[in-house]
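Chemist: Take this sequence and fold it.
(one chain, ligands or ions: 1)
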Amino acid sequence: MTSAPSPPGTKSELSGKLLIGGEWTEGSTGRTARVYDPASGTLLGHVALAEVDDCLRAVEAAQRALPDWASRAPRERAELLRSAFDLLRAERDDIAEMIVRENGKAWADAAAEADYAIEFFRWYGEEAVRIEGDLRTSPSGDKRILVTRQPVGVSLLITPWNFPAAMATRKLAPALAAGCSVVLKPALETPFTALRVVAALERAGIPQGVVNVVFPDPPGPASRAMLGHPAVRKLSFTGSTEVGRHLLREAADTVVSSSMELGGNAPFIVLDGACVDEAVEGAFTAKMRNGGAACTAANRFYVVESLVDEFTEKLVARMSEVTIGPGLDRANQLGSCVSEAEKQKIAELIEKVAVEGCSVITCGSVPQLGSFIAPTVIRGVAAGSSIIREEIFGPVAPVISCADEDEATTLANETEMGLVGYVYGPMRRALRVAERLEVGMVGINRAIVSDPAAPFGGVKQSGLGREGGHEGIEEFLEIKYMAVEW
Ligand code: NAD
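Modeler: Next comes the predicted model:
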């Protein structure tokens, strides 16, 4: 058995295959897709494309592997996950390099992603042995109520390109810990990182068929067919709200349990009494992590009138310090967009807001070659402006002046999204605002919320369910109640 793909750092092109029932294989028609390094535009390699039949074979392989995997002792599953953690930790820099090469992000962002991603195997190795059940007495005393949890079954995991390692491991680790077998469908822009992670799971000793990987193109007919297969009992999706809605409709036909991690439009609020320097540093981190291509990225900055000028000037100065260029040069702090198309989308948002009469401040200059966007601060943004209704997904910071905390909170909630919000200011005031924000997560005087031990997820149209924490494994478990004659 050969693992895919070939290691990064070699001159040769990478070649990725599908993993079906423990076999690394080409798709049934031999079609492949090209994968490019967006920072240079050069060809990185090819990945095998799956046809609908290949995807159904992957589901059937997962179905065959399920009974054995689900019945393994939790401790055994835990130890296999721990081995995967150890293997991946030893390869952390290689994983980070792969992320940089196919996604374009800066080295520091890729290294932070690799650390976060790998940690899920340790966390869920520890959670695998803590799956709870309980015994209750019925109020009438006629029986005992025995409540237990079982793996939900074959799970379809669909992931985006912006965190090619972490979005895969945040699903793989809890699914495997719970005793589910899976079919993983990573984004076609960034297939090689996911393949490396899966190859490590194979080396750690996860049995054949428990983890399968497919790359259908287009993905729609294949996901429809897989969701229609009676063995598939779980869909865990991370991606845009638009595709999430579509998949929810498809999952409805076979009533497949669905967890959704969807788009964000995070408000970043600076209150009266906030330390402006701390708020600027927080704003910089919440905006620039992953080059702004994060569902958690601060998308709209609401700053009280008394602080808005100082905040904006200092944010421009901070954004202007950023070194921009290919992520393989570890000195660069901002890498490229994942593709030229993604860059164009962000450039169009900036052009649109300039036409609306806002003041666009470009901070720094970008390399000629590759898909780069310079950090940009936008002043004079009106509450209803186009740029604050959309998920920017790039290093662009629109600043909106607000009268007070009430107005900031009201404006922050005026969106169909509700993933995360950030509040900077004195603690009592910040907590008051945090409680009123319609989001699943809040950073209070803190710009990063993600932690494998915390429940990550959104409200409103940002998603359903949680990943990480104790909650993440629950998404892959079903409750069974047994009425016991006592
Ligand atoms: P996307 O929705 O275009 O694609 C996500 C995945 O879905 C990819 O693997 C893609 O191939 C697949 N896909 C697309 N159409 C499909 C279909 N019809 N059937 C089955 N699969 C399909 O999203 P993207 O552009 O890759 O990622 C960016 C989006 O992801 C942003 O909106 C971002 O906020 C969101 N995101 C959310 C979280 C979160 O935790 N909430 C985390 C990361 C990214």
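Chemist: Grab the most central residue of the protein for me.
Modeler: Note on the chain: the residue nearest the mean C-alpha position is M167, at 4.1 Å, using Cα atoms, centre = their mean.
Chemist: contacting residues around that one?
Modeler: Residues in contact with M167 (Cβ atoms under 8 Å, 6 or more residues apart in numbering) are 159-160, 238, 261. (C-beta placed from N, C-alpha, C; glycine too.)
Chemist: What sits closest to whatever residue of the stretch 151-300 of the chain ends up closest to the ligand if chain neighbours are left out?
Modeler: The ligand sits closest to G239 of the stretch 151-300 of the chain, with a gap of 2.7 Å, by Cβ to the nearest ligand atom. Of all residues not flanking G239 in the chain, P160 sits nearest, at 4.6 Å (Cβ to Cβ, 6 or more residues apart in numbering).
Chemist: wait, isn't the one you found in contact with T241?
Modeler: No - between P160 and T241 there is no contact, the gap being 11.9 Å when judged by Cβ atoms under 8 Å.
Chemist: tell me which parts of this protein are close to the ligand?
Modeler: 158-163, 167, 185, 187-188, 219-220, 223, 238-240, 243, 246-247, 261-264, 295, 391, 419, 458, 463 (Cβ under 6 Å from any ligand atom).
Chemist: how about the residue nearest to G239, what does it touch?
Modeler: 167, 187, 238-240.
Chemist: Quick one: buried ones out of these?
Modeler: Buried subset of the contacts of P160 (neighbour count, 16 or more other Cβ atoms under 10 Å): 167, 187, 238-239.
Chemist: Please enumerate the helices of the stretch 351-486 of the chain.
Modeler: Ranges of helices within the stretch 351-486 of the chain are 405-412, 427-436, 471-474, based on DSSP state H, counting those that start in this stretch.
Chemist: I'd guessed A108 sits against Q333; true?
Modeler: Yes - A108 lies in contact with Q333 (Cβ under 8 Å); the separation is 6.8 Å.
Chemist: would you list every one of the helices in the stretch 101-250 of the chain?
Modeler: So, for the stretch 101-250 of the chain - with DSSP H, counting those that start in this stretch - the helices run 107-127, 166-178, 191-204, 219-228, 241-253.
Chemist: So which other helices or strands are in contact with the helix or strand just after the last one?
Modeler: Per DSSP states H and E, the first helix or strand lying C-terminal to helix 241-253 is strand 257-261. Counting contacts by 3 or more Cβ pairs under 8 Å, 6 or more residues apart in numbering; DSSP states H and E, the secondary-structure elements packed against strand 257-261 are strand 232-238, helix 241-253, strand 463-464.
Chemist: mind listing what strand 257-261 pairs with, with the direction of each?
Modeler: The strands that strand 257-261 pairs with in its sheet are strand 232-238 (parallel), strand 463-464 (antiparallel) (by DSSP bridges).
Chemist: Now mean pLDDT too, for those, in CSV please.
Modeler: Output for the strands paired with strand 257-261, formatted as CSV (pLDDT from 0 to 100):
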stretch, mean pLDDT
strand 232-238, 98
strand 463-464, 98
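Chemist: Highest mean neighbour count out of those strands?
Modeler: Highest mean neighbour count of those: strand 232-238, a mean of 25 (counted as mean count of other Cβ atoms under 10 Å).
Chemist: List of residues touching that one?
Modeler: Outside strand 232-238, the residues touching it (Cβ under 8 Å, 6+ apart) are 59, 152-160, 167, 170-171, 175, 180, 183, 226-227, 243-244, 247, 251, 254, 256-262, 465, 467, 475-476.
Chemist: quick one on the thing from earlier: just give the number of residues close to the residue lying closest to the residue nearest to the centre of the chain once chain neighbours are set aside.
Modeler: Of all residues not flanking M167 in the chain, T159 sits nearest, at 4.1 Å (Cβ to Cβ, 6+ apart). By the criterion of other Cβ atoms under 10 Å, T159 has 26 neighbours.
Chemist: still on that earlier bit, tell me which two in the contacts of P160 are the farthest apart.
Modeler: Greatest spatial distance in the contacts of P160: M167 and S240, 12.7 Å, computed using Cβ to Cβ.
Chemist: unless I'm mixing things up, S155 is touching G179, no?
Modeler: No - the pair S155 and G179 does not pass the contact test of Cβ under 8 Å, sitting 10.6 Å apart.
Chemist: Between the two, which is the more surrounded one?
Modeler: Remark: of S155 and G179, S155 carries more neighbours, 29 against 26, as counted by other Cβ under 10 Å.
Chemist: Not counting sequence-adjacent ones, nearest residue to that one?
Modeler: Spatially, and ignoring its direct neighbours in sequence, S155 is nearest to K234 (3.8 Å; Cβ to Cβ, 6+ apart).
Chemist: Report the beta-bridge partner residues of that neighbour.
Modeler: With DSSP bridges as the criterion, K234 is bridged to S155, S257.
Chemist: Quick one: neighbours of S40, just the number.
Modeler: For S40, using other Cβ under 10 Å, the count is 17.
Chemist: can you confirm it is in a strand?
Modeler: No - under DSSP: H, G, I helix; E, B strand; the rest coil, S40 sits outside any strand and is assigned coil.
Chemist: Now it: closest residue in space, sequence neighbours ignored.
Modeler: G370 (5.7 Å).
Chemist: That neighbour: what's it in contact with?
Modeler: Contacts for G370 (Cβ under 8 Å, 6+ apart) come out as 38-41, 104, 326, 336.
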